[in-house]
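In: Structure for this input, please:
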Amino acid sequence: MIAAVELKGYDEKERIGLKIYEYALKNGVLIRPLGSVVYFMPPYIITPEELKKVFTVTRDAIKTILRDS
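Out: Residues are numbered from 1 along each chain as shown. I've put the predicted structure just below:
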């Protein structure tokens, strides 16, 4: 499975994807940022609870970064 979320309205110099990646990593989630696109590539054996954590942490990262900007 691969899913991606593109965050519009950000300058490349802001490195929004990297900020989201760093926040997620500190919270136990590994995602892949490419510019302002965040990719999710979970293993096929991921549980529904683990998948929920991935998206919850990513949502929290985006909210936190937007608030701090």
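
In: Can you report phi and psi for the most centrally placed residue in the chain?
Out: Residue closest to the average C-alpha location in the chain (C-alpha atoms, centre = their mean): residue 58, at 4.2 Å. Geometry field for residue 58 lists phi and psi as phi -70, psi -40, criterion degrees, to the nearest 10.

In: Look at residue 4 and tell me its secondary structure.
Out: strand (DSSP: H, G, I helix; E, B strand; the rest coil).

In: excluding its backbone neighbours, what's nearest it?
Out: Leaving aside its sequence neighbours, residue 4 sits nearest to residue 39 (C-beta to C-beta, 6 or more residues apart in numbering; 4.9 Å). All C-beta spots, glycine's among them, are computed from the backbone N, C-alpha and C.

In: so who does that neighbour touch?
Out: 2-4, 31-33 (C-beta atoms under 8 Å, 6 or more residues apart in numbering).

In: which one of these sits closest to residue 53?
Out: The closest of the contacts of residue 39 to residue 53 turns out to be residue 31 (C-beta to C-beta; 11.6 Å).

In: just to revisit the earlier point, between the contacts of residue 39, which is closest to residue 12?
Out: Looking across the contacts of residue 39 and measuring by C-beta to C-beta, the closest to residue 12 is residue 33, at 11.8 Å.

In: So the closest one belongs to a strand, correct?
Out: Yes - assessed with three-state DSSP, residue 33 lies in a strand.

In: What distance do you get for the closest residue to it other than its chain neighbours to residue 28?
Out: Among residues not flanking residue 33 along the chain, residue 17 sits closest, at 3.0 Å (C-beta to C-beta, 6+ apart). Noted for residue 17: a distance of 18 Å to residue 28, by C-beta to C-beta, to the nearest Å.
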